[in-house]
Each structure stands twice: as structure tokens, then as C-alpha cells.
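[1] Have a look at this prediction, sequence included:
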Amino acid sequence: MTSQIIYLGELRNELTHLASGQSFNTDAPLDNKGKGQAFSPTDLTATSLGACMLTVMGIKAAEMEVDISDTKAEIIKIMAAEPRRISGIKVVLTFPEKLYEEKTRKILEHTALTCPVAKSLHPDIEQDIHFIWPDSAVL
């Protein structure tokens, strides 16, 4: 097993990663009868896209002996109604002030765009991904 979830009541869950024992809570969002005091399940889905991109880029960067430490992912989740669902996820990846060769940038971008979460999301979920390199304009 990967994880265990216990419903705590009041639209909250406790999620536990079984291999490490680490846990955290989720809460329903304010716009869906929750208190919005923790990640919602849909927040986790959107955030997982950015975390997966950073993880696989980190693996690839290490293989290429490139340091991408301090790269940041900012996530915007877009919800739709009827049925309530995630309709889009915007990820802005900002790389630290270091020199990156064009070939390295292309490899890392491709790696991010083909991460397991990106490939697992339903095709109806728009993935709007932006890469901000040190010498490129901010979007």
C-alpha cells in the first residue's frame, strides 16, 4: 500500500504516507463548504503536477551534472462547474540566476512536460506551463 486516509469529520481527512509515516490533513475549500485551512484534494492534484515536474527535472539535471536547486513552481488551479472539476492548471517554473545552455533548457523543459503526472491527467484538463529562465522575460 502507498497511503492511508482517515476521514476526520467536518470535511477533513488525514493522509498518511505508509513508508515514511509522514502525514498531513486536507480540508474542503471555502467555495465548497469547507474551511479552506489546508490543501483540498483538487489543490493536491494541481500541486502534484508542479512537484512531479520539479522532481523529474531534478533527476535529469543530476544526470547532466546541472544544478537546478532553488527552482520554484507556482501553481494556479482553475475550477469549472457542472460537474465540479479541475479544468486547468497553470504552472510557472522559475529557474535561479545561473547559466543554462540552450540544449539543457530544452531537455529540462521536455522532461517536465512529459512527467508522470502530466501524462496521467485527463486530456480535458488544460496544462498551461511556462518556463522562466534567468535571461527571459517574465510572463
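    Done, it's in. Numbering: from 1, shown residues only.
[2] Isn't Leu108 up against Met57?
    Yes. If you go by Cβ atoms under 8 Å, Leu108 and Met57 touch, sitting 5.0 Å apart. Just so you know, the C-beta spots here come from the backbone N, C-alpha and C atoms, and that holds for glycine as well.
[3] Which residues are in contact with each of those two?
    Ile68 (Cβ atoms under 8 Å, 6 or more residues apart in numbering).
[4] Am I right that Ile76 sits in a strand?
    Yes. Looking at Ile76 with DSSP: H, G, I helix; E, B strand; the rest coil, it is inside a strand.
[5] Now do the helices in the protein.
    Using DSSP state H, the helices found in the chain span residues 41-63, 102-113, 116-120.
[6] most packed of these?
    Looking across the helices of the chain with neighbours counted as mean count of other Cβ atoms under 10 Å, the highest average goes to helix 41-63: a mean of 18.
[7] who does that helix touch, helix- and strand-wise?
    Helices and strands touching helix 41-63, by 3 or more Cβ pairs under 8 Å, 6 or more residues apart in numbering; DSSP states H and E, are strand 23-27, strand 72-80, strand 85-94, helix 102-113, helix 116-120.
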